[in-house]
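this one's sequence-less:
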């Protein structure tokens with residue numbers, strides 16, 4: 001389920017088709033405005049870019065924080081969808097590294113959204129829990145596929161890979177403004193994930209030999 005469709009609530013009527021379109025349009029515009037102008041952009045500015053009145057914005061999102069939260073969840077859901085697409089279209093040999101790069105590229109905006117919500121008192125982990133679980137499932141599938149293909153070291157598990165992703169995102173923030181250094185650092189991390197050619201195969205993360 002994506003944020004373009006309001007989740008069912010007991011006793012609540014489902015949104016009409018036109019209301020769903022309006023909500024989806026608001027999310028699309030809000031994401032573009034927040035990305036371009038920063039999280040300090042106002043709901044009035046978003047309403048203006050969406051060619052709707054401010055009342056329409058607040059009818060769907062009663063606060064700016066609710067709107068920003070929905071935008072963040074939408075981005076995470078789209079990221080999970082992209083991971084599934086990569087697995088289906090380019091295969092296990094390259095999909096994990098392509099997804100790794102995608103996460104790193106989107107991290108600055110995602111982190112800015114999360115920081116703004118946290119500053120406003122929102123429990124970001126709870127707000128994004130469903131989307132986070134979907135991302136975890138995608139990462140698990142991509143890692144398993146890459147390990148079975150022999151391109152990623154077999155002693156790596158999802159918790160460590162997630163920590164490496166988070167740490168690499170922070171590292172790239174530190175290297176902001178130094179693109180060549182950032183490129184080399186990303187290459188070092190990727191090399192550390194790769195399986196060593198000619199190494200003895202170890203057990204899978206599940207404790208048994210892979211076929």
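Thanks, I have it. Owing to the predicted nature of the structure, the values given are computational and were not obtained by experimental measurement.

Could you check how many residues crowd around residue 61?
Other residues lying near residue 61 total 21 when counted by other CB atoms under 10 Å. In short, each C-beta sits where N, CA and C put it, glycine included.

Quick check: it touching residue 70?
Yes: Residue 61 lies in contact with residue 70 (CB atoms under 8 Å); the separation is 6.4 Å.

Would you enumerate the residues in contact with the residue most central in space within the chain?
Per CA atoms, centre = their mean, the C-alpha nearest to the average position across the chain is that of residue 76, at 3.5 Å. Counting by CB atoms under 8 Å, 6 or more residues apart in numbering, residue 76 makes contact with 110, 128, 131, 132, 134, 135.

Can you list the residue ranges for helices in this structure?
17-37, 43-50, 54-60, 64-89, 92-119, 124-127, 129-148, 158-174, 179-193 (DSSP state H).

Return the set of buried residues in the longest one.
Right, helix 92-119. 92, 95-100, 103-104, 106-107, 109-110, 113-114, 116-117 (16 or more other CB atoms under 10 Å).

for stretch 77-85, same thing?
Under the neighbour-count criterion of 16+ other CB under 10 Å, stretch 77-85 has 77, 79, 80, 82, 83, 84 buried.

Flag the shaky bits of this structure, pLDDT-wise.
The chain contains residues with pLDDT under 70 at 1-16, 197-211.
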